[in-house]
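> model the following, please.
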Amino acid sequence: MAEEMAKFLRRRVSLFKFSYWQFLFFITLIWIFTRSIVWKKNRNKIEKKVLSREFTLLMVYVCIIVIVRIVYFPWHHINGHIGTLNFDVSKIFPFKINIIPFKFLTDVYDGWQMNIVGNILMFVPVGIIWPFCFKKLNSVWKAFAAGFFFSFCIELSQLMFYDRCSDIDDLFLNSAGVFIGSALYFGMMQVFCRLKSDKI
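Presented below is the predicted three-dimensional model:
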């Protein structure tokens, strides 16, 4: 009886199922906490300017939660609901990971083209929104580096979930999306600046 109880407890401790809404709630709490700290630090500045900044940064928040929905949770609904993200210590090893680059060029399966296009398009907004919100990302390459690191963290975190797979090709494709987005953003900014200088 004691042995069966121990096995049951191990299963309960090792297995966690996260719904999208639980994950969203967790991300939102972290967002509110970090932005509250920044707000407190900048409270002596002009209040309207700080408020405007916070509303602008909501675009980054939306960008993150959309990517989390697409990356971590099943695309197709299960019984009308978004599937869960499953963590089980006993199933993590061996890690599900592909370290062979450009495998997507030869790995043909149903929906492979959509997967390639989706991985690129999903990160195009990162290349546009992040440079707009963070002035230190003032070049294509800085925005690309930030997006690459963001995608790398996502791929690394997926190692913890047995029903997800980390893929170096996803990192490449996501980064390509960031590059496209940032190139579009800085290209549009150059055009805008030229039009503005011509009017002057």
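> CA only for contacts and neighbour counts going forward, please
Fine.
> how about the helices in the protein?
2-14, 20-41, 47-72, 89-92, 112-133, 140-157, 168-199 (DSSP state H).
> go through those helices and find the least confident stretch.
Mean pLDDT is lowest for helix 2-14 among those, at a mean of 51.
> what are the buried residues along stretch 127-147?
Within stretch 127-147, the residues scored as buried using 16 or more other CA atoms under 10 Å are 127-133, 137, 140, 142-144, 146-147.
> mind listing residues that contact it?
Stretch 127-147 is contacted from outside by 56-57, 59-60, 123, 126, 174-175, 177-186, using CA atoms under 8 Å, 6 or more residues apart in numbering.
> if we go to 7 Å?
56-57, 59-60, 126, 175, 178-183, 185-186 (CA atoms under 7 Å, 6 or more residues apart in numbering).
> now do it: distance to the chain's middle.
When C-alpha coordinates are averaged (CA atoms, centre = their mean, to the nearest Å), stretch 127-147 and its chain have centres 15 Å apart.
> how long is it from one end to the other?
From its first residue to its last, stretch 127-147 covers 7 Å (CA to CA, to the nearest Å).
> of the buried residues of stretch 127-147, closest to Ile92?
Gly147 (26.4 Å; CA to CA).
> for that closest one, give its distance to Val126.
From Gly147 across to Val126, the span is 7 Å (CA to CA).
> shared neighbours of the two, anything?
The contact lists of Gly147 and Val126 share Val178, where a contact means CA under 7 Å, 6+ apart.
> start and end of stretch 72-92, how far apart?
In stretch 72-92, first residue to last residue: 15 Å (CA to CA).
> how many neighbours does Ile180 have?
The number of residues packed near Ile180 is 21, by other CA atoms under 10 Å.
> so it sits against Val124, correct?
Yes - the pair Ile180 / Val124 is scored as a contact, 6.2 Å apart, by CA atoms under 7 Å.
> before we move on, back to that, a markdown table for the buried residues of stretch 127-147, including distance to Gly83?
Formatted as a markdown table, the buried residues of stretch 127-147 follow (distance: CA to CA, whole Å):
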| residue | distance to Gly83 |
| --- | --- |
| Gly127 | 29 |
| Ile128 | 30 |
| Ile129 | 28 |
| Trp130 | 29 |
| Pro131 | 33 |
| Phe132 | 33 |
| Cys133 | 32 |
| Leu137 | 35 |
| Val140 | 36 |
| Lys142 | 35 |
| Ala143 | 32 |
| Phe144 | 31 |
| Ala146 | 29 |
| Gly147 | 27 |
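> now do Lys103, the pLDDT please.
82.
> wait, Asp163
85.
> nearest residue to Lys17 in space, please, no chain neighbours.
Asn86 (4.6 Å; CA to CA, 6 or more residues apart in numbering).
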